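In: Have a look at this prediction, sequence included:
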Amino acid sequence: MLTFVGLGLYDLGDISVKGLNYVKNADAVFLEAYTSRLMGTDVPGMEAFFGAEIRVLAREDVEEDPHEILDRAAEGRVAFLTGGDPMVSTTHADLRMRAAAAGIETSIIHASSISSAVCGLSGLQNYRFGKSCSVPFPAKGWFPTAPVETVTANLALSLHTLVYLDIQKDRYMRVPEAIAILEEMAEKRGVEPPALYVGIARAGSEHPVVRAGTGAKLKETEFGPPLHILVVPAELHPMERDYLEIFAGL
Ligand SMILES: C[S@@+](CC[C@H](N)C(=O)[O-])C[C@H]1O[C@@H](n2cnc3c(N)ncnc32)[C@H](O)[C@@H]1O
């Protein structure tokens, strides 16, 4: 049995009761920590809380050679832990299909996700979001401009864009850097950079930071520690504008 268990957004208090019971009774517990991360805890903290040893997986362990996970799931109850909701903006559909092809029973225990938390924190209406995109850390000789094309296409349809920010081993992209990269991408593509952004830090924590404004303003804003995410809003509905004025300093 392979069960994908969502950890929610920030700390140990974000897993569901269902998820917690499953993990406590699992025969093996794996943690995928490369698509998202719970910044309000760490692996030893999770091990103590769940009373279980946790095997931390690299991307290759899941996407290229998941035999260890599948072998354990063929024999017993396996918990596959993921930050947020397990199937939102991750690549775990492939693992679930591989398990099904191997005759292994699977299920999902859902949890809160950044994709819905953003709507509550910003007041931007969930049905007005278009395709989302991710901004990666640029590498030597590699500076993709696809994210700004997604933003431009969404703006043309009056849709908001959710912009996920890169996570690497010990490196987390923050809102000001993401805006600077998006502006450089816009310049390279010869399009206008976005006029308005909403930056969000540490959704799910006791003190999330939510700020709306121009690129110049948000590049000077102190958002505090990661994780961070960015939204490029389309033309605002009056209610969305009011909400951002009240809760995000617009
Ligand atoms: C690829 S998405 C994975 C989403 C996850 N499966 C979920 O449902 O929440 C991960 C990105 O979302 C953003 N993110 C996730 N959790 C966050 C949080 N608590 N606060 C702010 N941004 C967050 C970060 O930009 C991070 O790089």
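Out: Structure's in. What do you need?

In: For the protein, which segments count as helices?
Out: Here the chain has its helices, by DSSP state H, at 17-24, 43-50, 59-63, 67-75, 93-101, 114-122, 146-156, 175-189, 215-219, 238-247.

In: for those helices, which one sits closest to the ligand?
Out: helix 114-122 (3.6 Å; CB to the nearest ligand atom). (Glycine included, C-beta is placed from N, CA and C.)

In: and stretch 221-229, does that touch the ligand?
Out: Yes: contact of stretch 221-229 with the ligand (CB under 6 Å from any ligand atom) involves 227-229.

In: Which of these fall in strands?
Out: Cross-referencing these against strands under DSSP state E gives 228-229.

In: which of the residues of stretch 221-229 next to the ligand are buried?
Out: Buried by 16 or more other CB atoms under 10 Å: 227-229, out of the residues of stretch 221-229 next to the ligand.

In: Can I get those residues in a markdown table including pLDDT?
Out: Rendered in a markdown table, the data for these read as follows (pLDDT from 0 to 100):
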| residue | pLDDT |
| --- | --- |
| Leu227 | 98 |
| His228 | 98 |
| Ile229 | 98 |
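
In: got the residues of this structure near the ligand?
Out: Taking CB under 6 Å from any ligand atom as the contact definition, the chain meets the ligand at 9-10, 35-36, 82-85, 88-90, 113-115, 164-165, 167, 200, 202-204, 227-229.

In: State the number of residues packed around the residue of the chain found nearest the ligand.
Out: Nearest residue of the chain to the ligand: Gly84, at 1.9 Å (CB to the nearest ligand atom). Residues lying near Gly84 (other CB atoms under 10 Å) number 27.

In: Excluding chain neighbours, what is closest to it?
Out: Ser113 (4.5 Å; CB to CB, 6 or more residues apart in numbering).

In: Burial check on the one you found, number of neighbours?
Out: Ser113 is flanked by 21 other residues according to other CB under 10 Å.

In: Quick check: phi and psi at the residue nearest to Asp27 when sequence neighbours are not counted.
Out: Excluding the flanking residues, the one nearest Asp27 by CB to CB, 6+ apart is Gly76, at 3.3 Å. With angles defined as degrees, to the nearest 10, Gly76 sits at phi -160, psi -160.

In: separation between Gly76 and Ala99?
Out: When distance is defined by CB to CB, to the nearest Å, Gly76 is 13 Å away from Ala99.

In: the more surrounded of these two?
Out: Using other CB under 10 Å, the more surrounded residue of Gly76 and Ala99 is Ala99, with 22 against 10.

In: Run a quick check on the more buried one versus Thr106, I expect a contact.
Out: Yes: with contact defined as CB atoms under 8 Å, Ala99 reaches Thr106; the gap is 5.0 Å.

In: Overlap in contacts, the two.
Out: Residues touching both Ala99 and Thr106 (CB atoms under 8 Å, 6 or more residues apart in numbering) are Leu2.

In: Distance check, Phe50 against Arg189.
Out: In terms of CB to CB, Phe50 sits 46 Å off from Arg189.

In: next one: Ile229
Out: Remark: distance between Ile229 and Arg189 (CB to CB) = 22 Å.

In: and what of Glu245?
Out: Taking CB to CB, one finds Glu245 at 31 Å from Arg189.

In: one step back: for ChimeraX, write the select line for the buried members of the residues of the chain next to the ligand.
Out: To isolate in ChimeraX the members of the residues of the chain next to the ligand that are buried, counting by 16+ other CB under 10 Å, one can use:
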select :9,10,35,36,82,83,84,85,88,90,113,114,115,164,165,167,200,202,203,204,227,228,229
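
In: Restricted to strands, list the residues of the chain next to the ligand.
Out: Per DSSP E, these map to strands at 82, 164-165, 167, 200, 228-229.
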